[in-house]
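[1] Just need the structure, nothing else, for what follows:
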Amino acid sequence: MTFATTIAFIGGGNMVRSLVGGLVAQGCDPATIRVAEPIDPVRESLAGDFGIKAYPTAAEAVEGAHVWMFAVKPQVMRTVCETLAPLAQAEKPLVVSVAAGISGVQIEHWLGGGLGVVRAMPNTPALLGAGATGLFANANVDANGRAVAEQLLASTGPTTWIGDEMQMDAVTALSGSGPAYVFLLAEAMIAAGEAEGLPPDAARALALQTVLGAARMLTESGEAPDELRKRVTSPNGTTQAALESFERDGFRAIVARAIHAARERGRELSAMND
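    Got it, this is the predicted structure:
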């Protein structure tokens with residue numbers, strides 16, 4: 001894979017490391033990748049591990065770059081954007097952001113307006129190349145810009161385009177925060193196994209492999225989740241007993257309320273940064 005453009009990552013955290021690593025592994029020329037990271041050891045590690053150019057300031061990294069990827073904490077996003085606004089107006093880059101709770105409208109405004117902005121919401125399995133990313137592009141992003149953004153994020157896993165930016169808070173709630181829901185389920189399964197008398201190491205091994213195996217069946221079988229559930233549920237068997245207990249306790253409603261709460265928090269974070 002090659003990019004015909006230079007990419008500047010603003011921020012050098014774990015998500016950027018996964019993206020840079022994915023791009024380089026797929027054949028992207030390290031000379032086309034730049035990272036701005038103020039922390040010396042992090043910056044030096046990125047440069048040493050991937051052969052890219054790394055700078056202590058964002059202004060140095062973005063100069064002449066065609067794609068700017070913002071991967072900074074939401075609370076500093078406005079300051080970073082406003083500092084770079086003169087350069088953004090001069091160079092008119094494609095802007096991609098992975099900052100949670102920060103809208104494309106806000107980013108474009110802070111950078112001075114008139115820019116193509118793609119908002120992306122990846123999740124932590126991206127660190128293993130198994131992420132899921134929702135993408136939204138504003139009206140200033142052309143077909144080539146969408147292709148570049150998709151190619152960039154696809155280096156860490158499948159991508160899905162969203163047509164309405166208001167839905168990005170739902171993406172954050174579903175897939176952005178979603179790995180934590182699975183981790184919580186795994187915690188609960190392990191604890192329950194131990195409560196039923198299993199040794200801790202056995203409970204952990206069985207629960208984690210069950211989660212992994214079920215996820216692979218969901219992604220590789222081509223079958224709908226409800227169909228897979230029905231196939232493993234024998235009438236009047238152990239699985240049916242467990243599922244009936246889940247339903248009595250309102251499992252679906254619990255999940256729905258949790259995702260709604262995460263979505264509402266995303267909206268609150270966006271409003272806080274207006």
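
[2] just the strands in this protein please.
    Remark: strands assigned in the chain by DSSP state E are 7-10, 33-36, 53-55, 67-70, 94-97, 117-121, 133-137, 159-161.

[3] any idea how far the residue nearest to Ala137 when sequence neighbours are not counted lies from Val20?
    Of all residues not flanking Ala137 in the chain, Val118 sits nearest, at 4.9 Å (Cβ to Cβ, 6 or more residues apart in numbering). In short, each C-beta sits where N, CA and C put it, glycine included. Spatial separation of Val118 from Val20 under the definition Cβ to Cβ, to the nearest Å is 18 Å.

[4] Show me the shaky parts of the stretch 1-150 of the chain.
    For the stretch 1-150 of the chain, the stretches flagged by pLDDT under 70 are 1-4.

[5] And the helices in it?
    Listed in chain order, the helices of the stretch 1-150 of the chain (DSSP state H, counting those that start in this stretch) span 14-25, 40-50, 58-62, 74-91, 104-110, 143-153.

[6] Tell me which other helices or strands the second one touches.
    Yep, that's helix 40-50 we're talking about. Using 3 or more Cβ pairs under 8 Å, 6 or more residues apart in numbering; DSSP states H and E as the contact test, the elements touching helix 40-50 are helix 14-25, strand 33-36, strand 53-55.

[7] Report how many residues lie close to Ala261.
    When counting by other Cβ atoms under 10 Å, one arrives at 12 neighbours for Ala261.

[8] List the contacts of the closest residue to it other than its chain neighbours.
    Residue nearest to Ala261 in three dimensions, not counting chain neighbours: Ala173, with 7.9 Å by Cβ to Cβ, 6+ apart. By Cβ atoms under 8 Å, 6 or more residues apart in numbering, the contact set of Ala173 is Ile259, His260, Ala261, Ala262, Arg263, Gly266.

[9] Surely Arg146 is in contact with Ala120?
    No. At 11.6 Å, Arg146 does not count as touching Ala120 under the criterion of Cβ atoms under 8 Å.

[10] Roughly how far does Ala202 sit from Glu194?
    As judged by Cβ to Cβ, Ala202 and Glu194 stand 9 Å apart.

[11] repeat for Arg34
    Here the criterion is Cβ to Cβ. By it, Arg34 lies 49 Å from Glu194.

[12] Neighbour count for these two, which is higher?
    Arg34 (26 against 15).

[13] pretty sure that one is touching Lys53, no?
    Yes. The criterion here is Cβ under 8 Å, and Arg34 meets it with Lys53 at 4.8 Å.

[14] overlap in contacts of those two?
    Once Cβ under 8 Å, 6+ apart is applied, the residues that Arg34 and Lys53 both contact turn out to be Ala61.

[15] And the average pLDDT for stretch 155-163 is what?
    Over the span of stretch 155-163, the pLDDT mean works out to 93.

[16] List the buried residues in it.
    Neighbour counts over stretch 155-163 (16 or more other Cβ atoms under 10 Å) mark Ser155, Thr156, Gly157, Thr159, Ile162 as buried.

[17] Residue ranges of each domain in the chain, please.
    For the chain, automatic domain parsing gives the domain ranges 7-168, 178-269.

[18] Give me whichever of these is most buried.
    domain 7-168 (a mean of 19; mean count of other Cβ atoms under 10 Å).

[19] and that one, how far from the chain's centre?
    In terms of Cα atoms, centre = their mean, to the nearest Å, the centre of domain 7-168 is set 12 Å apart from its chain centre.
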